[in-house]
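Asks: Can you look at this prediction? I've put the sequence above it.
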Amino acid sequence: MKTVYWLQGGGCGGDTYSLLSSDFMDVSELFTTLDLKLLWHPSLCSIDPAAHERLLTDIASGTTPLDILMVEGSIIFGPAGTGMFDTFRGRAKKELCHTLASHARYVVAVGTCAAFGGFGAGHAIEATGLQFTKKKKGGALGREFVSGSGMPVINLAGCPCHHDVIAGALMAVASDVPLELDRFQRPLEWYNTMVHQGCTRNEYHEYRVEESDFGEMGCLFFHMGCAGPLVPGPCNKLLWNRHSSKPRAGVPCFGCTSPDFPKSNPFFHTPNIEGIPLELPKGVNRAHYMVYKGMAAEAAPERLKKRSAKV
Ligand code: SF4
């Protein structure tokens, strides 16, 4: 039986909610099936404070092995590097994170705050991710950190992270299945394709049938701030609650799997010059793209221009 400790740092708890909404398997059943013992999760466990303190002492001394450390929320260093904005029984939680990580066989950052710092990075609370602050490697544990398995922190990006990604990563590390990571340490299994892939609005994107307001079926990339072609993630393939995704429901992808999420520009606006987005789909040549899009818009079928489709 392997052990799991879930540490909650500076965040909204949204990744826990995401995991709880997993519907292919009840969460407790997931842990049972994987033969995992959940030592602690702030919403799922109820050991008393003294027992919790003993547990931490036992992990720190090596008496209780820690196989998987899951961290949700950013690691907070404020004020002035002390970490005292986020404490556990009077001690900075960043120290607890360090102690637990140094004993864990795998360390998994659940969500963009834990992976890259998220909303609190660059602000007064001095939030960082476990091994990155935004795109800069280092973070709370340092750029050279590797856990007992030899792996760096596994970054399950997303705000929140998709529940199937959390469950899938747990399955992998519980079975010692090696996960291949990208340069921001996100597993390629879920982060090797763009959010754009699988969006039901792709045909509109192809013919540059654009929306500049809500409630229509066109593409949201050119005016409405959709980051679907810019960021990797499984949202349009795994779907949320097996049903939908932001762009499928008419809301632009906010790019929440990106290390620099959230950006300072408004979510519902595409930064552009003369109507041409500043950021183009990954790997695309700007000049070629604009020629192609101009021709595609000319060739757009009437059924798309009339938004004949209702779904
Ligand atoms: S709405 Fe976004 S994800 Fe969908 S096709 Fe347009 S750019 Fe791609």
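Replies: Nice, I can see it.

Asks: who touches the residue in the chain that the ligand sits nearest to in this structure?
Replies: Nearest residue of the chain to the ligand: Gly228, at 2.4 Å (CB to the nearest ligand atom). Every C-beta, even on glycine, is put in place using the N, C-alpha and C of the backbone. Contacts for Gly228 (CB atoms under 8 Å, 6 or more residues apart in numbering) come out as Met194, Val195, His196, Cys199, Leu220, Phe221, Asn236, Pro247, Pro252, Cys253.

Asks: Specify the beta-bridge partners of Trp240.
Replies: Per DSSP bridges, residues listed as beta-bridge partners of Trp240: Ser244.

Asks: measure it to Glu203 for me?
Replies: Note on Trp240: its distance to Glu203, by CB to CB, to the nearest Å, is 22 Å.

Asks: what do you get for Ile125?
Replies: Ile125 is 43 Å from Glu203, by CB to CB.

Asks: Arg89 too?
Replies: For Arg89 relative to Glu203 (CB to CB), the value is 56 Å.

Asks: who's more crowded, these two?
Replies: Higher neighbour count among Arg89 and Glu203: Glu203, with 17 against 10, using other CB atoms under 10 Å.

Asks: A helix includes Ile75, no?
Replies: No - counting by DSSP: H, G, I helix; E, B strand; the rest coil, one finds Ile75 to be strand, located in no helix.

Asks: now it: how far from Pro277?
Replies: Distance from Ile75 to Pro277, by CB to CB: 33 Å.

Asks: Check Leu179 too.
Replies: Taking CB to CB, one finds Leu179 at 32 Å from Pro277.

Asks: Around the ligand, pick out the residues from the protein.
Replies: Counting by CB under 6 Å from any ligand atom, the residues of the chain close to the ligand are 195-196, 199, 201-202, 205, 219-221, 226, 228-229, 247, 253.

Asks: Count residues in the vicinity of Arg183, would you?
Replies: For Arg183, using other CB under 10 Å, the count is 8.

Asks: Also the one 5 residues further on?
Replies: Using other CB under 10 Å as the criterion, Leu188 is surrounded by 12 other residues.
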